[in-house]
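Visitor: fold the following and give me the result.
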Amino acid sequence: MPSPTTSLAKATSFPALDPKLATKLAAALDESADTTIFVNGTALQLPDTAHSALIEVLHRMSRGDEVSISTVESLLNTSQAAQMAGISPSYLRKLTDSGVIPVEYRGTHRRIRPAAIEAWLETREHPQEGNAE
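Guide: Next up, the predicted model:
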């Protein structure tokens, strides 16, 4: 099965650092091979992936760059979404056309978020829950 396409979702930007702080930070980063953070009084050493991401962000900020962070979210084509839902691609297209399953378009191509398929499947497993009087 082909891999899902990706979509940038929810980006947040952060301004560049003050030049004096940026210089101190750049010097500290050049000396560091690991990163330990304190959260609610607890010291945590970041795993390699988080360390690399954080160091990259801090290096860019220390150079005076504004930094933007976003999440990458998977989007499925109709065949992938239909396979995930256990239905035919033509039935899936009918569900997207009627608005039952939300769809995004990339040009003329439909793209469906896995969460939309999961939500639709959940409504099928538990129809009208909470509506009993």
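Visitor: quick check: the gap between Ser98 and Tyr91.
Guide: Separation of Ser98 from Tyr91 (Cβ to Cβ, to the nearest Å) stands at 11 Å. Yep, even glycine has a C-beta here, placed from its N, CA and C like the rest.
Visitor: quick one, which of those two is more surrounded?
Guide: Set side by side, Ser98 and Tyr91 show more neighbours around Tyr91, with 11 against 8, by other Cβ atoms under 10 Å.
Visitor: next up, the contacts around the more buried one.
Guide: Neighbouring residues of Tyr91 by Cβ atoms under 8 Å, 6 or more residues apart in numbering: Ala82.
Visitor: could you pull out the strands for the protein?
Guide: Under the criterion DSSP state E, the chain contains strands at 5-14, 36-39, 42-45, 67-75, 104-106, 109-111.
Visitor: since we're on Ala27, how many residues are nearby?
Guide: When neighbours are defined as other Cβ under 10 Å, Ala27 has 11 of them.
Visitor: scratch that, Asn77
Guide: Residues near Asn77, counting by other Cβ under 10 Å, number 18.
Visitor: wouldn't it be in contact with Arg111 here?
Guide: Yes. Contact criterion Cβ atoms under 8 Å: Asn77 and Arg111 qualify, at 6.6 Å.
Visitor: could I get the pLDDT score of the residue nearest to the spatial centre of the chain?
Guide: Nearest residue to the geometric centre of the chain (Cα atoms, centre = their mean): Thr71, 3.3 Å. Here, the pLDDT recorded for Thr71 equals 75.
Visitor: distance check, it against Thr12.
Guide: 10 Å.
Visitor: now the common contact residues for the two.
Guide: Taking Cβ under 8 Å, 6+ apart as the contact rule, Thr71 and Thr12 have no neighbour in common.
Visitor: centre of the chain to stretch 74-93, how far?
Guide: In terms of Cα atoms, centre = their mean, to the nearest Å, the centre of stretch 74-93 is set 21 Å apart from its chain centre.
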